[in-house]
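Engineer: predicted model follows, preceded by the sequence.
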Amino acid sequence: CHDSCPVPDRSLLSSPVGAPVVRLTSNSARFQQQRGGTALGASAAQRSQSTACQFSYSYHCSRRPEVLYRMHLIDLYNFKPPAELLVHREEGQAIRVNAAKTSLEFRRNAFNTDSVDEALDLLDFCYKIVSRSGLSENGTYLPKAIHPNYNCVQPKTSINDAMEEAQMVVCGAIEGLLKKQGLAARDVDVLVTTCSIFCPTPSIASMVVNHFKMRPDVQSYHLGGMGCSNGVVAVNLVKDMLRSRPNVNAILVTTEITTPAYYKGKDKHRQVTNMIFRTGASAVLFSNKPKMVRRAKYKLAYNYRVHLASRDPAYKCIWYGPDDEGNNGIYLGKDVVREASRGLSMAMYKVAPKILTAGQIAKYAVTELQRKVLGKDSVAPYKPDFTECLDHFLIHAGGAKVLDGIGKELQLDESAMEPSRMVLHDYGNVSSSTTWYTLGYVESVRGAKKGDKLLQIGVGSGIKCGVNVWQAVRDIHDVQDAWAHRATDPSVLKQRKGRSSSVSLVALAFLVLMLAVLYKRAAAAGLLAGLEEVLQPVTAALQPIWQPMQEAIQPVLQPMRNLLQA
């Protein structure tokens with residue numbers, strides 16, 4: 001067994017009698033160790049050694065619950081496509097307009113029409129969409145197969161072209177992560193890949209295993225058809241994998257392959273996705289190995305997911321399928337923002353009690369008492385300011401309207417929305433990877449301090465909504481390759497609101513208030529007659545401190561007093 005994380009050595013039950021006991025240090029070493037014999041041939045001494053090993057493992061589980069049962073995020077890597085794949089809006093529009101006027105093949109391949117006027121009208125619509133989408137005029141990336149500079153007249157959407165894009169972004173992200181952490185492919189024990197539209201056979205996970213020549217015992221999974229939310233929702237699977245498998249490294253890879261999702265028709269609902277979806281991928285490393293946990297960046301504090309597919313409006317507002325003429329594409333309905341807001345509200349209703357400050361919970365209680373107990377319908381429902389209890393917001397950059405809707409729902413200012421808007425501006429909608437690109441931006445540009453809380457929100461087809469709350473376990477200012485062009489001085493961590501001090505002030509004020517009440521009641525009952533002389537100097541010393549604290553908490557306490565009197 002490993003010195004720092006003992007795991008039962010099953011080989012003790014199957015080794016030949018008299019064979020030496022081998023100390024295995026990892027799953028790969030355990031796999032490579034040659035075993036022989038049968039369990040029936042094991043000696044009593046060997047079985048007793050195995051029992052002792054299992055006892056040691058159980059004891060370790062009870063002594064190290066933080067390592068074994070908490071989700072630790074070690075590191076992440078955002079893939080930056082090569083510069084040759086940059087999309088220049090005006091140049092690309094000029095190429096497409098010229099092709100629409102001169103090439104019948106382009107009109108049929110791009111919009112399934114022979115009409116020049118209809119093709120130009122659709123191009124004008126697409127240009128208006130991308131101009132209002134929040135994407136950069138000279139940024140974001142597309143693969144060559146559907147890039148207007150390389151394959152304008154005849155976009156390529158075959159499986160081979162899609163696989164070429166997948167190998168570039170997925171393997172590029174994993175390679176960057178392994179290199180950054182100094183790990184080899186054999187160090188990966190669990191692999192989870194996610195891509196909604198492109199689900200080849202063998203899977204993308206198998207493609208990764210083949211490319212990096214991973215161990216035969218690697219636990220690999222591919223998640224398909226789950227939309228943009230899966231970058232957040234898939235964390236549930238990784239968490240369960242780590243809980244059931246001690247001493248492992250797990251990699252989650254998120255992407256959306258744009259090549260097969262390219263729409264070749266005239267339905268404007270489906271043309272929107274051609275304008276805002278872009279290529280990219282993120283690889284995230286999780287671990288419960290003690291030596292890896294020591295260099296972790298974050299731990300998962302809370303998470304929750306909502307699935308609204310039982311409601312037809314939610315189920316049908318985003319879907320991939322053919323239009324009336326048989327051309328496949330991603331349909332984005334007009335109800336997307338409303339249904340996404342509904343799912344987010346349900347998820348935040350569950351998460352909010354665990355992250356709100358004491359003062360915010362008190363205000364919520366006062367508002368609910370006024371509305372539901374005293375029947376004051378004129379009192380507006382309480383909507384908390386999440387910037388008071390959270391430091392960073394990692395919101396799915398699905399589009400300008402999606403960000404506007406989520407920002408309005410959570411009452412976030414532009415400072416809180418900036419990281420997500422910058423992801424949309426520089427990389428477009430990279431589907432399930434958007435929130436991880438946002439985290440990369442935060443680490444590179446703003447930095448995170450130890451104890452900071454980060455809210456990660458993913459919304460996708462279904463409608464599915466996932467919410468993860470991460471907490472930084474150390475100071476972080478890690479410049480990602482994808483964000484080096486916007487990185488700040490590593491020695492500077494941006495100052496934020498004094499959330500921690502205000503929360504501590506409110507909590508301390510409540511504590512002092514309760515102690516004061518208990519003290520007065522005990523004194524009135526004559527229980528503190530002998531302690532009056534001893535406590536008098538302490539009371540006098542605390543008076544200058546208590547006075548400003550009482551003034552600070554008065555706005556919260558006064559409504560509660562009024563309710564109690566009523």
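Structural biologist: Here it is on my side, so go on. Note that the structure is predicted; figures quoted are calculated from it, not measured.
Engineer: sort out which residues of stretch 383-401 are buried, please.
Structural biologist: Using 16 or more other CB atoms under 10 Å as the test for burial, stretch 383-401 gives 384, 386-387, 389-400. For the C-beta atoms, the positions are set from N, CA and C on the backbone; glycine is no exception.
Engineer: cool, and stretch 311-322?
Structural biologist: By neighbour count with 16+ other CB under 10 Å, stretch 311-322 contains the buried residues 314, 315, 317, 318, 320.
Engineer: among the residues you listed, which lie within strands?
Structural biologist: Of the positions in the buried residues of stretch 311-322, 318, 320 sit in strands, assigned by DSSP state E.
Engineer: of the buried residues of stretch 311-322, closest to residue 335?
Structural biologist: Nearest to residue 335 among these: residue 317, at 4.3 Å, using CB to CB.
Engineer: would you confirm that the closest one contacts residue 463?
Structural biologist: Yes - Residue 317 is in contact with residue 463 according to CB atoms under 8 Å; the separation is 6.8 Å.
Engineer: can you pull the residues that touch both of those two?
Structural biologist: Jointly contacting residue 317 and residue 463 under the rule CB atoms under 8 Å, 6 or more residues apart in numbering are residue 339.
Engineer: ok, residue 482 - contacts?
Structural biologist: 78, 79, 80, 427, 437, 440.
Engineer: please redo it, this time with the cut-off set to 10 Å
Structural biologist: Each residue near residue 482 by CB atoms under 10 Å, 6 or more residues apart in numbering is listed here: 77-81, 173, 176, 280, 282, 423, 426-427, 437, 440-441, 444.
Engineer: in three-state terms, label residue 329 for me.
Structural biologist: strand (DSSP: H, G, I helix; E, B strand; the rest coil).
Engineer: report the beta-bridge partners for it.
Structural biologist: Assessed by DSSP bridges, residue 329 has beta-bridge partners residue 321.
Engineer: ok, residue 191 next?
Structural biologist: Beta-bridge partners recorded for residue 191 (DSSP bridges): residue 220, residue 251.
Engineer: equivalent analysis for residue 459, please.
Structural biologist: residue 465.
Engineer: check contacts around it.
Structural biologist: Contacts of residue 459 (CB under 10 Å, 6+ apart): 227-229, 232-233, 306, 318, 336-337, 339-341, 343-344, 347, 395-396, 398, 402, 405-406, 434-435, 465-467.
Engineer: same check, this time on residue 443
Structural biologist: 75-76, 78, 297, 392, 419, 472, 476-480, 483, 487.
Engineer: what about it, distance to residue 118?
Structural biologist: From residue 443 over to residue 118 the distance is 46 Å, taken as CB to CB, to the nearest Å.
Engineer: what segments of the stretch 201-350 of the chain are strands?
Structural biologist: 219-223, 249-255, 281-287, 298-307, 318-322, 328-332 (DSSP state E, counting those that start in this stretch).
Engineer: in helices only, show me the contacts of residue 482.
Structural biologist: The members of the contacts of residue 482 that map onto helices under DSSP state H are 173, 176, 423, 426, 427, 437, 440, 441.
Engineer: what about the stretch 351-500 of the chain, any weak spots by pLDDT?
Structural biologist: Judged by pLDDT under 70, the stretch 351-500 of the chain has its weakly predicted residues at 488-500.
Engineer: helix/strand/coil for the residue nearest to residue 103 when sequence neighbours are not counted?
Structural biologist: Using CB to CB, 6 or more residues apart in numbering and skipping residues adjacent in sequence, the residue nearest residue 103 is residue 153, 5.4 Å away. Using three-state DSSP, the structure places residue 153 in coil.
Engineer: many thanks, have a good one.
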